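got a predicted structure plus its sequence, pasted below:
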Amino acid sequence: MGIDKAAAMYYIVVQMYIKKSKVTIKGKTYINHALVESVRTPNGPRQKTICSLGSLKPRPAHEWKKLTHKIQDALDGQQNLFNSDQDQVNEIADRVRANNKKESLPHCNPLDDAFVSVAVDNIEVEQTRTAGALHIANTFYNRLGIDAALKACAINQRTRMIIRFMVHNRLIEPSSEHAMPSWVDRAAVHEVIGEQLGLPDSSRLYRAMDKLYENREKIEGHIRTTERSLFGLSDTVFLYDLTSHYFEGQCPANPKAKRGYSRDKRGDCKQIVVGLVLDYEGFPIAHEIFDGNRRDSTTVEEMLAALKKRAGKLEGATVVVDRGMAFQENLDSIKKAGCEYIVAGRQPERNGWLADINEHIDFEKVIRLPSPNNPFQKKSPMDVKLISRKDETVVLCRSEARIQKDKAIREKAEMRLLADIDKLAKRVDDGKLKRTDKIHEAIGRLKERHSRVARYYQITYNPQTGFTGTLVKEKRTIAEQLDGTYILKTSRDDMSADEIWRTYILLTRVENAFRTMKSPLSERPIFHHLPHRVETHIFLCVLAYHIVAAVEKKLRDAGEYTSWATVRRDMSTHQIVTVCLPMADGAVMRIRKATKPESHHEYIYNALEIESAIIAPQKSLHRPGRAVVVTK
């Protein structure tokens, strides 16, 4: 569509500013501030007072320009979460609209026309904000009833909204509370959520966090009830495992921050241990936070108690735990709670089953299918053998592919042991270590450090003969025969070897949950030091993982096996933008709308059963001397 060249040449530029004026009446001086528009026209610049603002004291003059920008944004339909004076800005914008409405001419409104003439060379796109992943996160936040769970805990609406922002921040672009304002500036938070909120400074964010964790038990129970209803979940299998998260700093005020076995390979940092229980489909049910040096085997009873509070009745359910908790007292606790157990036997227990493992009879093959999202992946079959005993059932597991892996691990560990023995011998030969008792202490520490393979060697020291590291061939031979094998134990007697093995392998879902919370959700490192803030930080990540689990479950049901990290990346290109259309008469039409979803966007939206239209288009018309905002 063409445009008149003269009209394009006289395109009118509007600029607002604040003007100060003084009036003296009966010897008394009055100060007034007015919002003024400067309009460049073919006849030169013109100024027009839009509305009176009264006195802006004590606001300093250097902030007037910022205020005009905020007013212009409000007239354009844009709100900012972090405007501390948003209420004042909105009030001024309403007055401007009211004045312009009175002055509006009785001609046809271009907003009602399907076609308008625009200067195509001057069309611009501004205020681009990411929205796709946020739209998905917010939809599932509502579906899971997280806000309803917070409301049931008597948390007010403003605090609930802050918590919503913080959970979405974990999902989309994890950052600290201090960095949250910059994230909101880059994401279409207000438009997707549909509500406005004033500046939540860091102190307000922390207060919201404090209210969140004290209601953790009730919130987790409420969400679990909703998830059961939405996805048809059952409490028949509970998967329990632990991981560690390290701190930045010394954390002197946190008694749980201690040094211990670090799954993150950060033994130089203090840490906490987090226990997590998932159901069969990978949805989190309960979590607990323990001291950083807490042994896995000592956490089972506490977790069972927490699980009972969240899930209710436990009787008849099967609890799956790893070998770190395969102690008889833990198995007795599980039975006492009315549950059954499936657990991997500890490594030394395999020795008692060596004869049965070496008998290549009564084993059945379990065919391991490649994961649907990687159909070309090759997985070797697993050989399993079921042996029934009086009080429990044992499953012997053997994998030909794992034999080479176990052998490589053992040989590498032996090389490190022998290298350390040589280093210790050199220290003694050089006279750096002389006392016999200190040498024996060093040998003890060496054996502890290389406990996996030190049992295959007899390491001794004699002042006359020096060091000797004799290989115990019998133990080494047994270890070679046990390569690629492990055992499973269960109190259930109604399952086949195939079913027991496949149920135990579900523990990998807990490991996947930990990986997701540590990386895409950035659960660690932990920068908080106060105990209740640390616990709330973990809880926010767990709440975010509820949404991750729900999204991935919905995608699996639709035949799409992909992770939240992939969804977040792919949906980042679905955005909300403002299209600026300069019209022939000098006015500017701004249209705030979402970009057209591409084919891969539509595919994900359809799989998740989400409407792809994020917001309804909002049109605003800006004329010289007037600002008309009309939403369509």
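Now that the structure is in, tell me what you want to look at.

now stretch 340-350: buried residues?
340-345, 350 (16 or more other C-beta atoms under 10 Å). To be clear about C-beta, it is placed using only N, CA and C from the backbone, and glycine gets the same treatment.

kindly report the same for stretch 514-525.
514, 516-518, 520-524.

and those, which is closest to Lys270?
Arg524 (12.0 Å; C-beta to C-beta).

the closest one: what's it in contact with?
By C-beta atoms under 8 Å, 6 or more residues apart in numbering, Arg524 lies in contact with 245-246, 264, 518.

re earlier: format the buried residues of stretch 340-350 as CSV; extra columns: secondary structure, pLDDT and distance to Arg368.
Rendered in CSV, the data for the buried residues of stretch 340-350 read as follows (DSSP: H, G, I helix; E, B strand; the rest coil; pLDDT from 0 to 100; distance: C-beta to C-beta, whole Å):
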residue, secondary structure, pLDDT, distance to Arg368
Glu340, strand, 93, 24
Tyr341, strand, 94, 24
Ile342, strand, 95, 18
Val343, strand, 94, 21
Ala344, strand, 91, 17
Gly345, coil, 89, 21
Arg350, helix, 85, 21
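
now the residues you listed in JSON lines, with distance to Lys256?
Output for those, formatted as JSON lines (distance: C-beta to C-beta, whole Å):
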{"residue": "Glu340", "distance to Lys256": "32"}
{"residue": "Tyr341", "distance to Lys256": "28"}
{"residue": "Ile342", "distance to Lys256": "30"}
{"residue": "Val343", "distance to Lys256": "26"}
{"residue": "Ala344", "distance to Lys256": "28"}
{"residue": "Gly345", "distance to Lys256": "31"}
{"residue": "Arg350", "distance to Lys256": "35"}
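
how close does the most centrally placed residue in the chain sit to Leu608?
In the chain, the residue lying closest to the centroid (C-alpha atoms, centre = their mean) is Leu521, at 2.6 Å. Distance from Leu521 to Leu608, counting by C-beta to C-beta, to the nearest Å: 19 Å.

what of Thr226?
For Thr226 relative to Leu608 (C-beta to C-beta), the value is 17 Å.

circling back to that earlier point, tell me which of the buried residues of stretch 514-525 is nearest to Ile71?
For the buried residues of stretch 514-525, the nearest to Ile71 is Ser522 (36.6 Å; C-beta to C-beta).

how many neighbours does the residue nearest to Arg204 when sequence neighbours are not counted have?
Leaving out its chain neighbours, the residue that sits closest to Arg204 by C-beta to C-beta, 6 or more residues apart in numbering is Ile162, at 6.7 Å. Ile162 sits with 23 neighbouring residues when counted by other C-beta atoms under 10 Å.

show me what whatever helix or strand Ile162 lives in is packed up against.
Per DSSP states H and E: Ile162 is located in helix 157-172. Here helix 157-172 touches helix 132-143, helix 146-152, helix 180-186, helix 189-193, helix 202-213, helix 531-557, helix 564-571, going by 3 or more C-beta pairs under 8 Å, 6 or more residues apart in numbering; DSSP states H and E.

which elements pack onto the third one?
Spelled out, that is helix 180-186. helix 157-172.

list the buried ones in the helix it packs on?
159-172.

tell me the angle it makes with helix 564-571.
90 degrees (axes from the mean of the first three to the mean of the last three C-alpha atoms, to 10 degrees).

distance check, Thr516 against Arg509.
Counting by C-beta to C-beta, the gap from Thr516 to Arg509 is 10 Å.

same question for Pro381.
21 Å.

between those two, which has more neighbouring residues?
More crowded of Pro381 and Arg509, by other C-beta under 10 Å: Arg509, with 19 against 13.

which element is the more buried one on?
Assigned by DSSP H and E, Arg509 falls in helix 508-518.

what's that helix packed up against?
By 3+ C-beta pairs under 8 Å, 6+ apart, helix 508-518 packs against strand 237-246, strand 271-278, helix 531-557.

contacting residues around stretch 138-158?
Counting by C-beta under 8 Å, 6+ apart, residues outside stretch 138-158 touching it are 159-160, 163-164, 167-168, 192-193, 197, 211-212, 215, 218-219, 222-223, 226-227, 230, 543, 546-547, 550-551, 608, 610.

thinking again about what came up before, which of the helices and strands packed on helix 157-172 sits closest to Ser333?
helix 531-557 (23.8 Å).

state the mean pLDDT of that closest one.
Taken as a whole, helix 531-557 carries a mean pLDDT of 92.

the helices in the stretch 301-450 of the chain, which residues?
328-336, 354-358, 400-429, 436-449 (DSSP state H, counting those that start in this stretch).

and those, which one is worst for confidence?
Taking the mean pLDDT of those, helix 354-358 comes last: a mean of 82.

starting at the chain centroid, how far to it?
Remark: helix 354-358 is offset 45 Å from the chain centroid, using C-alpha atoms, centre = their mean, to the nearest Å.

do the same with stretch 464-483
That offset, for stretch 464-483, works out to 47 Å (C-alpha atoms, centre = their mean).

endpoints of that stretch, how far apart?
38 Å (C-alpha to C-alpha, to the nearest Å).

now stretch 228-244
Stretch 228-244 has an end-to-end distance of 29 Å (C-alpha to C-alpha).

make 54 the first number, not 1, from now on.
In the new numbering, first residue 54, that becomes stretch 281-297.

what's the closest non-adjacent residue to Ala306?
His582 (5.5 Å).

how close does the one you found get to Glu301?
9 Å.

so those two - more neighbours on which side?
Counted by other C-beta under 10 Å, His582 and Glu301 do not tie: His582 has more neighbours, with 17 against 13.

am I right that that one is in contact with Gly302?
Yes. Contact criterion C-beta atoms under 8 Å: His582 and Gly302 qualify, at 6.3 Å.

may I ask which helix or strand of the chain has the lowest mean pLDDT?
Using mean pLDDT, DSSP states H and E, helix 58-62 stands out as the lowest-scoring helix or strand of the chain, at a mean of 35.

residues in contact with the helix or strand that that one is followed by: which ones?
Per DSSP H and E, the first helix or strand lying C-terminal to helix 58-62 is strand 66-78. Applying C-beta under 8 Å, 6+ apart, the contact partners of strand 66-78 are 82-93, 100, 102-103, 106, 109, 114, 117-118, 120-121, 124-125, 675, 677-678.

where in the chain is pLDDT low?
Along the chain, segments meeting pLDDT under 70 span 54-68, 92-97, 99, 129-137, 153-168, 249-255, 422-431, 677-685.

can you list the domain ranges for it.
58-164, 177-183+624-683, 455-534 (automatic domain parsing).
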